[in-house]
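A.B. asks: sequence and predicted structure below; questions after.
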Amino acid sequence: MAAACKADADRLCKDVKDGGGKKTACLRDNPAQLSWECAEEVFRQQLEADDDIRLNVRLFKKCLGDKKRFCSDVEPGHAAARDCLVENRNEKGFTQACRDELEAMLEARVRDFRIDSRLRKVCQQHMLDLCHGMDSFDGEQTDMNYCLQDSVDMIPEGPCKSLVYEYQKLAAQNIRFDVPLAEACHEDRTKFCTNVPPGSARVIRCLQKSRDKLSSQCRATLFDEEMRFSENIDFQYPMKQACTKEIERYCKDVPHGNARVIRCLQEKKGQQDFGKPCRKEVLEYEQSSSQDYRLNFRLKKSCKQDIEKLCKDSCHPDQAQVCAGTVLRCLTENYDNVKNSACRKEVYYFQKMEVSNFHNDVILAAQCRGDVEKFCGNVEAGEGHVHACLREHHKDLSEGCRREEMILEQQEAEHIELRPNLLKACADERQAFCKSVAPGSARVFRCLAEKLADPDFGAQCRFEVISKLQRRQANWKLDPTLRRACRADVADMCKQEDSLSTETGEVYRCLMHNYDDLDPGCKKELGRAVHMAFFIWTPAAIMTRECDTDVTSICLKQRPNMDRIPGAVGSCLADVLERIQAAESKSNKDATAAIPQLSEQCRVLADVAEPPNMKRAFETSLSVALLESQLSSLEAKTGLPMINRDRQGNAKSITLTGWTAIAGMAALVVLLIAGGTYAWKQYHGVPDSSTVVLKSRPRYNRVAGSD
């Protein structure tokens, strides 16, 4: 080496003193300026020193103390001592001189894969298969290492994949070890992060904070690296360092990869003993992953097919388009159409992130930035606090912010888990009354609403449920089951009222006005909504204010405190309506005059709100089924056809001849007698034993049934 590099050393390193490997290090630091003969000798020396640190004079000298302290039990050779030093280089007490030398060595290996003899040995076949062979690369061989990292998913488990994984960890820790990012952002780093020392992902964090000011090449390369880093906690160096204790406590047995440990930390961040530094890192990760669906590794992987099918026009990343929150918004709006169960789970988790922290909804955050500064500047983000603040000022919000909050509020109405305040306030009530009710489609909320009158229902939960029910009265879209049932009718008959977005119940009034023309399913859900509005009646409420005078003059006049009992006012109006209808059916004018009369508008509302008489429908269908059963039995015993059936075997009509006609007539007589008896009971007001009640003080109250 001395002979081959004498001229190069005199030219490049004439001021460097001999000894301690200084001349060799100088030559190694100037590879582009070496002659061909010298470059070959320097490369050969690097290969020899790679397996045994004792052959690297300068490294051995600077790291001898650290070797004794951190790797005393590790024998030299086979790169074992070197790997041990690299692994411990960020530990407390590790000397800066050794760390600098190690990182210089690592940077050289990242730039030229040939220096890493172990990588060449265990990954040779994969280089040939995935990267078109080692011999096709010239220069510093940077592309080979990056190619292996970029193709790591195609490498089977084994020594090669493990080694490539270590290079990925290095790239995530220090921009010096991420050659594509370092080269693309060289000028930006000098401009915005010149005083930021490398290591601990500090430069990468600095570039992220300056994202809007970066050159297009740097910004694009940074985004590509962020996508790769989102896959593993080991590539999220600051988070991993801040969450060491939390990972050990909560996620010890969770395998790394596929962002599993990151998700574990996300799910545990609300624990009382969860450290603040770790929680801060987790929240920052959530905010970052909400900027673009491609930064959310689990969602991107699980939703690939659904995105292609449902959201292909939302963003075109192949055309270097920044997606921001467009694809995430598309997935949330099309949640019911998402087919992949894993994708639905990830979209649902993203929705929980949205409702918890307004920063995680990129589109909403942009629209509401001014409103947050104006109305909620002192409100701490998290647990839905900023959203609650904005909704308290919803009348004063900008149009864009009000629209975005309404979209989010509609999503929240589907799942109780998307309502942080309600979920927290009603934890006990949910366990006591709705334990077996599956979440989704507002089922848990409906269950809680129907149990409001129970004496064991907590005051705080009752307040939250009533507040949400009152909020529903302003906008029909906040009632998921009604929204689905009445969507077509609203589009057909109430499109103008819906377009106003006034949140004054105009769509409800339109549906009431067109009640007779509504689809049966819409009628049912509208009746339930009006019934629940009476169940929690308060003066001047949007849906029931037409009955305020009637309630005051009839119900509260008898019992002034009636409105404090859920369901009491609705039960009062229902009883008055039944008495009026009973008197009218008998054409008894005197009896009708003696009954307090409801105003026309209130009577319509009370009539719509009455729960359907399920017993009547049941008895009717039972009678028909009984007749068919009797005739089918006679068919089987006599062999005579009595019922005409379609191809599927369903009864279409009755065919009776001869003596079977007599038997059929007898069955019909039995049916008519049963029907007449039932009609007589209804006419004379025999109590309906199937009425559903809820126990409350000081009387029983009727409530609407639920599916």
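C.D. replies: Yep, it's here.
A.B. asks: contacts, neighbours, all on C-alpha from now
C.D. replies: Will do.
A.B. asks: tally of neighbours for residue 28?
C.D. replies: If you count neighbours by other Cα atoms under 10 Å, residue 28 ends up with 20.
A.B. asks: quick one: contacts for it?
C.D. replies: Each residue near residue 28 by Cα atoms under 8 Å, 6 or more residues apart in numbering is listed here: residue 42.
A.B. asks: just confirm residue 566 is within a helix.
C.D. replies: No: checked against DSSP: H, G, I helix; E, B strand; the rest coil, residue 566 lies outside a helix; its state is coil.
A.B. asks: give me the number of residues near it?
C.D. replies: 26.
A.B. asks: so it is in contact with residue 535, correct?
C.D. replies: Yes: Residue 566 lies in contact with residue 535 (Cα atoms under 8 Å); the separation is 5.5 Å.
A.B. asks: hey, where'd the helices end up in the stretch 151-300 of the chain?
C.D. replies: Counting by DSSP state H, counting those that start in this stretch, the stretch 151-300 of the chain has helices at residues 159-173, 179-184, 186-192, 202-209, 216-229, 237-242, 244-250, 260-268, 276-289, 297-302.
A.B. asks: buried sites along the last one?
C.D. replies: By neighbour count on 16 or more other Cα atoms under 10 Å, the buried set for helix 297-302 is 297-300, 302.
A.B. asks: now, which of the residues you listed sits nearest residue 445?
C.D. replies: Relative to residue 445, the closest of those is residue 299; by Cα to Cα it sits at 27.2 Å.
A.B. asks: can you give me the helices for the stretch 1-150 of the chain?
C.D. replies: Using DSSP H, counting those that start in this stretch, helices in the stretch 1-150 of the chain cover 2-12, 22-28, 36-51, 57-70, 80-88, 96-111, 117-122, 124-130, 142-150.
A.B. asks: which stretches in the stretch 301-450 of the chain count as helices?
C.D. replies: 304-310, 326-333, 341-356, 362-367, 369-375, 385-392, 399-412, 420-425, 427-433, 443-450.
A.B. asks: could you report the neighbour count for residue 594?
C.D. replies: Here the number of neighbours of residue 594 (other Cα under 10 Å) works out to 10.
A.B. asks: revised request: answer the last question for residue 353.
C.D. replies: Neighbour count for residue 353, taken as other Cα under 10 Å: 23.
A.B. asks: distance of it relative to residue 224?
C.D. replies: Separation of residue 353 from residue 224 (Cα to Cα, to the nearest Å) stands at 23 Å.
A.B. asks: next one: residue 563
C.D. replies: 60 Å.
A.B. asks: looking at the two, which is more packed in?
C.D. replies: Neighbours per residue, other Cα under 10 Å: of residue 563 and residue 224, the larger number sits with residue 563, 21 against 14.
A.B. asks: doesn't residue 539 make contact with that one?
C.D. replies: No: Residue 563 lies out of contact with residue 539 (Cα under 8 Å); the separation is 9.2 Å.
A.B. asks: what's the weakest-modelled helix or strand in the protein?
C.D. replies: strand 693-694 (a mean of 40; mean pLDDT, DSSP states H and E).
A.B. asks: can you list the weak-confidence ranges in the protein?
C.D. replies: Applying pLDDT under 70 to the chain picks out residues 20, 47-52, 132-142, 318-321, 588-593, 610-665, 667-668, 670-671, 674-707.
A.B. asks: which secondary structure state is assigned to residue 453?
C.D. replies: Here residue 453 is recorded as coil under three-state DSSP.
A.B. asks: burial count for it?
C.D. replies: Close neighbours of residue 453, defined as other Cα under 10 Å, add up to 25.
A.B. asks: backbone dihedrals for it, please?
C.D. replies: For residue 453, the backbone dihedrals are phi -80, psi -10 (criterion: degrees, to the nearest 10).
A.B. asks: so how far is residue 233 from it?
C.D. replies: Applying Cα to Cα to residue 453 and residue 233 gives a distance of 48 Å.
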